[in-house]
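Participant: need the 3D shape of this:
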Amino acid sequence: MSGGSSAADAPRPLHFAAFVMNTASHITHGLWRQPEGEQLRFNELDLWVDLAKTLEAGGFDAIFFADVVGLYGDYRGDWDFHAELGLQIPSNDPLVILSALASHTKHLGLAFTAGPIQQPPFNLARQVATLDHASDGRIAWNVVSNLLGWKNFGHDERYDLDDRYALLDEYLDVLYKLWEGSWDEGALLQDRTSGLHADPSKIHKIHHESAHYRVEGPALVAPSPQRTPLIFQAGSSPVGRDFAARHAEAQFIASPDPDNARALIDDTRRLAASHGRRRDDLKFFQGLSFVVGATEDEARARERELEEQIDVDGQIAHFGGSVGIDLGGYDPDTPIDQVHTEGGQSGLAWLRESTGGRAPTLEDVVRLRARGGRVVGTPEQIADRLAAWRDAGVDGINVINATIPGSYVEFIDHVLPVLRERGLAAAIPDPDAPAQTLRARLFGTDRLSDRHPAAAYRGAFTPLPAPIAAD
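Facilitator: Numbers count the residues shown, from 1 in each chain. Reported below is the predicted structural model:
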């Protein structure tokens, strides 16, 4: 018997997505002021087209656009600071630019963020299916419950967390019926000889009626390469993780270290199995940023320079706004637990994990929002850390930028070659190879598995054959 290692023993490569937002100040605030901060050009389509080309050539799996549809909560009594800093205002709609990115790329996945309050499900189904056709099946949807922006869509106040996820379940139910059930396989014929373009017996109205939606159907777009786009989700609350266990194919996480990531991943995989899915039906993408140096001393020096450039108030305002707390008037030593909030609890849970379970203070917010999820070192040291994340169960990395495109160019040029040498990153796809759907790239198949709840609608609207009359 040969003593060589088998393919099963080979390291599992990680997937990589660029985590961006069509705005000047996304996660690491204030860096647009630096000469290399090209994110200041966020209104220019060329910035995003050029970035998408760079990512594809560098072997990234996807570009992942975050989004908001409203202002974060006040800071120091009002929202003026957000506009002054450019803290996710202005921000443009990522869904609008994805078709342009699709036309300039062939292999790169294209992920957008949206929630149910933004538009009726029928219209989203049509837009996304159109994009999936235009991209040869490379679209992913980051499903969110819309913490912000309810008043911009006619609601006096947002629903509580459980009600938001109940609405999201209802919204997805409509979409699954349109994407998976409305058109049977083989309905689109386009037969020039017979003149039959589509078989109406294989196209169905869905006649959906529920608490918030009435949708007749059928879907106006024929099935796209993926039918349902690859589904991302980012909630880390108990109800959010249960939602991910039922619906998501990839979950974006922000654990403070591999041990906490392992616990979260194991529990969410357990939940997925309890819903009739396989544990590996769900992949986990950890959000990380990187400071790279030829030596560790150089990397640490670059980190100190970065710390001086970050707008600390922006980090505090972003965190406080995301959990519904105006932190502008509090002493840095104030425990966050003493500040009343009805906002998102996942951010507070992350802080407690990051501080070893003790009550985090506002000072912790400043430190951890700036440094949390940051990996500093040589490419070899970064590879060591990413191996630890992979061994904890992480499947991919959402790479957070300080500057665009610089953070990604640096990662592609210096880190990814080392990762490929160690089997931690896949080879760059051949530019001339046939296009592959994003789901196939991540899971090896174009369509949702039969274990996903959307699969229940395949053929669900097809009339049953009439019974054969007895002689």
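
Participant: pLDDT score assigned to residue 359?
Facilitator: Residue 359 is assigned a pLDDT of 71 by the prediction.

Participant: and the strands in the protein, which stretches?
Facilitator: 15-21, 62-66, 109-114, 139-143, 208-209, 214-215, 230-233, 250-253, 283-292, 374-377, 396-400 (DSSP state E).

Participant: quick check: angle from the first one to strand 62-66?
Facilitator: Read it as strand 15-21. Relative orientation of strand 15-21 and strand 62-66, computed by axes from the mean of the first three to the mean of the last three C-alpha atoms, to 10 degrees: 30 degrees.

Participant: relative to strand 109-114, how tilted is strand 15-21?
Facilitator: Interaxial angle, strand 15-21 versus strand 109-114 (the same axes, to 10 degrees): 40 degrees.

Participant: name the residues of strand 15-21 that are buried.
Facilitator: Within strand 15-21, the residues scored as buried using 16 or more other C-beta atoms under 10 Å are 15, 16, 17, 18, 19, 20, 21. For every residue, glycine as well, the C-beta is placed using N, CA and C.

Participant: CSV for the strands of the chain, including mean pLDDT?
Facilitator: Formatted as CSV, those follow (pLDDT from 0 to 100):
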stretch, mean pLDDT
strand 15-21, 98
strand 62-66, 98
strand 109-114, 98
strand 139-143, 98
strand 208-209, 98
strand 214-215, 98
strand 230-233, 97
strand 250-253, 96
strand 283-292, 98
strand 374-377, 97
strand 396-400, 98
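
Participant: out of the ones you listed, the one nearest residue 425 is which?
Facilitator: strand 15-21 (6.8 Å; C-beta to C-beta).

Participant: what's the closest one in contact with?
Facilitator: Applying C-beta atoms under 8 Å, 6 or more residues apart in numbering, the contact partners of strand 15-21 are 26-27, 51, 55, 59-67, 88, 91, 94, 109, 111, 283, 285, 287, 395-401, 404, 408, 416, 425-426, 441-442.

Participant: direction included, what does it pair up with?
Facilitator: If you go by DSSP bridges, strand 15-21 pairs up with strand 62-66 (parallel), strand 396-400 (parallel).

Participant: distance from it to the middle of the chain?
Facilitator: From the chain centre to the centre of strand 15-21 is a distance of 8 Å (C-alpha atoms, centre = their mean, to the nearest Å).

Participant: any chance of the buried residues of strand 15-21 in CSV, with distance to residue 321 too?
Facilitator: Below are the buried residues of strand 15-21 laid out as CSV (distance: C-beta to C-beta, whole Å):
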residue, distance to residue 321
15, 30
16, 29
17, 24
18, 24
19, 19
20, 20
21, 15
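
Participant: for residue 252, see how far away the closest residue to residue 416 other than its chain neighbours is.
Facilitator: Among residues not flanking residue 416 along the chain, residue 425 sits closest, at 5.4 Å (C-beta to C-beta, 6 or more residues apart in numbering). Using C-beta to C-beta, to the nearest Å, residue 425 is found at 19 Å from residue 252.

Participant: next one: residue 91
Facilitator: 18 Å.

Participant: so between the two, which is more surrounded?
Facilitator: Set residue 91 next to residue 252 and count neighbours by other C-beta atoms under 10 Å: residue 252 wins out with 24 against 19.

Participant: quick check: the closest residue to the more buried one other than its chain neighbours vs residue 177, distance?
Facilitator: Ranked by C-beta to C-beta, 6+ apart and with sequence neighbours excluded, the top spatial neighbour of residue 252 is residue 234, at 4.1 Å. As judged by C-beta to C-beta, residue 234 and residue 177 stand 24 Å apart.

Participant: so between the two, which is more surrounded?
Facilitator: Neighbours per residue, other C-beta under 10 Å: of residue 234 and residue 177, the larger number sits with residue 177, 26 against 23.

Participant: residues contacting the more buried one?
Facilitator: 206, 208, 215, 217, 457, 460, 461.

Participant: count of residues packed around the last one?
Facilitator: Which is residue 461. Using other C-beta under 10 Å, residue 461 has 20 other residues around it.

Participant: ditto for the second one
Facilitator: The criterion is other C-beta under 10 Å. On that basis, residue 208 has 19 neighbouring residues.

Participant: burial count for the closest residue to it other than its chain neighbours?
Facilitator: Nearest-residue entry for residue 208: residue 215, 4.4 Å, with adjacent residues in sequence omitted and distances by C-beta to C-beta, 6+ apart. Residue 215: 22 surrounding residues under other C-beta under 10 Å.

Participant: now do the one 5 residues further on
Facilitator: Around residue 220 sit 12 other residues, with neighbours defined as other C-beta under 10 Å.

Participant: please renumber so the chain begins at 26
Facilitator: In the new numbering, first residue 26, that becomes residue 245.

Participant: tell me the contacts of it?
Facilitator: Going by C-beta under 8 Å, 6+ apart, residue 245 touches residue 151.

Participant: now swap in residue 227 and tell me
Facilitator: Going by C-beta under 8 Å, 6+ apart, the list of residues near residue 227 reads 208, 209, 210, 211, 212, 487.

Participant: again with residue 410
Facilitator: Going by C-beta under 8 Å, 6+ apart, residue 410 touches 400, 402.

Participant: against residue 290, how distant is it?
Facilitator: According to C-beta to C-beta, residue 410 stands 17 Å off from residue 290.

Participant: same deal with residue 233?
Facilitator: 34 Å.

Participant: circling back: and the strands paired with strand 40-46, which is most packed in?
Facilitator: Of these, the one with the most neighbours on average (mean count of other C-beta atoms under 10 Å) is strand 87-91, at a mean of 26.

Participant: could you list the residues in contact with that one?
Facilitator: Under C-beta under 8 Å, 6+ apart, the answer for strand 87-91 is 40-47, 51, 76-77, 80, 119, 123, 126, 133-138, 165, 167, 257, 277, 423, 463.
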